[in-house]
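**Q** sharing a sequence plus its predicted fold:
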Amino acid sequence: MTRATFPRLAGLGLLGCLAVGVAHLGYATLMTHQGHRGYTRHQVRCASGNIIDYHVRPGEPGGPVLVCDAGLMSSSASWLLVADHLDPAVTVLLYDRAGYRGSLRRCPEDYALQESVNDLVEVIRHQVEPDATCVLAGHSLGGYLVHRAAAALPDRVRGVLLVDPTHPRELLHSRAQREGSRGVNLTMKLGPSSALFGAGLLIDKKGLFAFAEGSPHHRTLRLETSTVSTWRAARREWDYSYAFMLDGGRPLDRLRVPVSVVAAEATLDQTAEHRELYQEYVDSGTGGRIVTVAGSSHLSVIGGVDHAPRTAQEIARALAEADAAGRPAVGVAGSANGRAASTRGEAA
Amino acid sequence: MKGTAAGAVLGRAVPAIFAGWFVATVLSQHPDRSYDKTRNLDRTGTGIMIPNWRFFAPNPAVEDQHFLYRLATEDRSAHTEWREVYSIVPRRLMHAFWFPGRRIEKAVFDVASTLVNNPGAMTPLHKEAKQSAYRLIHDFVRSRLTPEPGYPLFQVLLVRYSGYDHSEDPKYDMVFDYEKVQP
């Protein structure tokens, strides 16, 4: 019988850990390539070359359409809890930017935020009927992206709701934000290679996802942070947007629709300068308001069981206002009259 | 007989315990603290049970720190391009014996480290150290910048750059608040 020496045991232990980590990575990757329960999964090849996955929960034909974009290092799954609290009559379109979940980045150019904006615009043109009441909602970086997408679609979008959005000048505006952002650099730099070796298991996810405790989507969110593709996509976006924001970004587009902001209380408490930036968002539209969700943090405002219903309430209000202000909506592709030829049409 | 059995148990248990400890130690050396799940197994609360490579040199310096500045109009709507405040002197053999110019580079490195290391530290001492660092840097840049009419403000950007490998992009570290060219 072979002797259980220290080198042998240590080597076996390390190999065992690597095997468990890689198995976890494989499982997480498989799970994040699945669709969402209650949503149909669709795919579109954009002019950028990217193959974009999006998920549609069909509402009533002729009802309003909500298009949601997630923040950095987050996917369509981050919006599931909010969507659960929305009226079933609302058609919900959850979009995954290139690199997240099933969306594939095939663009040969260096990444720029405009690429994500263009992809989103194409998804909307592809899926939402021109005369439907379409409201865009975005969280964090997704908030800034939907604001730019709304400017590119002045005839299609009836309202914009930003949930604790990134502002292109936030790093110039707030020293605390600048100093905090620097720490993210190291995480982003090492994330993709660490995930490749299964280090996702070593992340203290209990603390990281404490905000989503009790959510039915808690596990989905946790698994996403273990995949290489999520880290790669996040790093690509971070590298670009960090330099972009350090340089002051660019002025906000002027929109011809109301822009409202749902702010996390913790964000306004920690960096009071954010209120001015959020006000600038509201002023970029034709109305709207800032609503603070009491007790919420940047992540819990859409992923926390206590705070997501409040965010959903604001979205419902934005949809109702857009519906009342706009022309009568007549239909949404993918709900009753779906464009089957362009979709996988698989039930998730 | 008893002694032999106890020896056999010890012969297996001791390597197993040390191997487990070694594996936990290896798994706890990720440079990013987010991956410290294994380190949390140390219930003493002191962190001494699992050795930490960060103990002596948490962030070994491998890059030069550079300050860039740009001028801005009063309403901050227009800026000049980013400009170098000073250039790192290429090293020569003579510098091993006499290199007084190194003082500036060392000072820049030290003051930049005060700002970028330990960003979360908010004790009164840290705050005061950071305020002093910001003042020092602004005064340093102000004394070296080239003013232009119509641009009463300037802004400083801290960049890390290897200085020798030109294939590598500079890393933008921190952008500062606007300051007046003429205080």
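**A** Sure thing, it's come through.

**Q** and the helices in the stretch 1-150 of chain A?
**A** Shown for the stretch 1-150 of chain A, the helices assigned by DSSP state H, counting those that start in this stretch span residues A:6-32, A:80-84, A:113-127, A:141-152.

**Q** sec struct for the residue in chain B positioned nearest to chain A, please.
**A** Of all residues in chain B, B:Ala19 sits closest to chain A, with a separation of 3.5 Å (C-beta to the nearest C-beta). For the C-beta atoms, the positions are set from N, CA and C on the backbone; glycine is no exception. Per DSSP: H, G, I helix; E, B strand; the rest coil, the local secondary structure of B:Ala19 is helix.

**Q** report pLDDT for it.
**A** On pLDDT, B:Ala19 comes in at 94.

**Q** neighbours of A:Pro258, how many?
**A** Neighbours of A:Pro258 under the rule other C-beta atoms under 10 Å in any protein chain shown: 20.

**Q** equivalent analysis for A:Arg106, please.
**A** 12.

**Q** how about low-confidence regions in chain A?
**A** Along chain A, segments meeting pLDDT under 70 span A:1-2, A:173-183, A:326-348.

**Q** around chain B, pick out the residues from it.
**A** Residues of chain A found near chain B (C-beta under 8 Å from any C-beta of the partner chain) are A:4-6, A:9-10, A:12-14, A:17, A:171-172, A:175, A:178-180, A:182-183, A:185-187, A:190-191, A:194, A:199, A:201-204, A:208, A:242-243, A:246-248.

**Q** quick one, which of the residues you listed are buried?
**A** Neighbour-count burial (16 or more other C-beta atoms under 10 Å in any protein chain shown) applied to the residues of chain A next to chain B gives A:9-10, A:13, A:17, A:171-172, A:175, A:178-179, A:182, A:185, A:187, A:190-191, A:194, A:199, A:201-203, A:242, A:246-248.

**Q** picking up where we left off before, the residue of chain B closest to chain A contacts A:Gly13, correct?
**A** Yes. Using C-beta atoms under 8 Å as the test, B:Ala19 is close enough to A:Gly13 to be in contact (5.5 Å).

**Q** test my guess that A:Phe244 contacts A:Pro168.
**A** Yes. Counting by C-beta under 8 Å, A:Phe244 touches A:Pro168, with 6.8 Å between them.

**Q** neighbour-wise, which of these two wins?
**A** More crowded of A:Phe244 and A:Pro168, by other C-beta under 10 Å: A:Pro168, with 21 against 17.

**Q** and that one, what does it touch?
**A** Taking C-beta atoms under 8 Å, 6 or more residues apart in numbering or on different chains as the contact definition, A:Pro168 lies against A:Tyr144, A:Phe244, A:Met245, A:Gly248, A:Gly249, A:Arg250, A:Leu252.

**Q** reformat those as JSON lines; add distance to B:Val111 and secondary structure.
**A** Converted to JSON lines, these look like this (distance: C-beta to C-beta, whole Å; DSSP: H, G, I helix; E, B strand; the rest coil):
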{"residue": "A:Tyr144", "distance to B:Val111": "33", "secondary structure": "helix"}
{"residue": "A:Phe244", "distance to B:Val111": "27", "secondary structure": "helix"}
{"residue": "A:Met245", "distance to B:Val111": "24", "secondary structure": "helix"}
{"residue": "A:Gly248", "distance to B:Val111": "24", "secondary structure": "coil"}
{"residue": "A:Gly249", "distance to B:Val111": "27", "secondary structure": "coil"}
{"residue": "A:Arg250", "distance to B:Val111": "31", "secondary structure": "coil"}
{"residue": "A:Leu252", "distance to B:Val111": "35", "secondary structure": "coil"}
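
**Q** which one among the residues you listed gets closest to chain B?
**A** Looking across those and measuring by C-beta to the nearest C-beta, the closest to chain B is A:Gly248, at 7.7 Å.

**Q** grab the nearest non-local neighbour of the closest one.
**A** Once flanking residues are discounted, A:Gly248 sits nearest to A:Leu172: 5.2 Å by C-beta to C-beta, 6 or more residues apart in numbering or on different chains.

**Q** ok, that neighbour - contacts?
**A** Per C-beta under 8 Å, 6+ apart, neighbours of A:Leu172: A:Met245, A:Leu246, A:Gly248, B:Val175.

**Q** between those, which sits nearest A:Ser116?
**A** A:Ser116 lies nearest to A:Met245 out of the contacts of A:Leu172, by C-beta to C-beta, at 14.9 Å.

**Q** endpoints of stretch A:205-222, how far apart?
**A** Taking C-alpha to C-alpha, to the nearest Å, stretch A:205-222 runs 7 Å from one end to the other.

**Q** give me the contact list for that stretch.
**A** For stretch A:205-222, with C-beta under 8 Å, 6+ apart as the criterion, the contacting residues are A:31-32, A:74, A:77-78, A:80-81, A:84, A:225, A:297, A:299-300, A:303-305, A:308, B:34.

**Q** if we can go back for a sec, just say helix, strand or coil for the residue nearest to A:Gly248.
**A** Secondary structure, three-state DSSP: A:Leu172 is helix.

**Q** same check on A:Ser215?
**A** Going by three-state DSSP: A:Ser215 is coil.

**Q** how close does it sit to A:Ala266?
**A** 18 Å (C-beta to C-beta, to the nearest Å).

**Q** cool, A:Ser116 as well?
**A** Distance, A:Ser116 to A:Ala266, by C-beta to C-beta: 26 Å.

**Q** which of these two has more residues huddled nearby?
**A** A count of neighbours by other C-beta under 10 Å puts A:Ser116 above the other of A:Ser116 and A:Ala266, at 29 against 17.

**Q** count of residues packed around the residue of chain B closest to chain A?
**A** A total of 21 residues lie near B:Ala19 under the criterion other C-beta under 10 Å.

**Q** report the contact partners of it.
**A** A:Phe6, A:Leu9, A:Ala10, A:Leu12, A:Gly13.

**Q** identify the residue spatially nearest to the second one, adjacent ones excluded.
**A** Pointing back at A:Leu9 there. B:Ala19 (3.5 Å).

**Q** cool, A:Thr286 as well?
**A** A:Pro258 (5.6 Å).

**Q** what sits against the one you found?
**A** Shown in contact with A:Pro258 (C-beta under 8 Å, 6+ apart): A:Gly159, A:Val160, A:Gly285, A:Thr286, A:Gly287, A:Gly288, A:Ala318, A:Glu321, A:Ala322, A:Ala325.

**Q** how is the fourth one assigned, secondary-structure-wise?
**A** I take that to be A:Thr286. Put simply, A:Thr286 is coil when judged by three-state DSSP.
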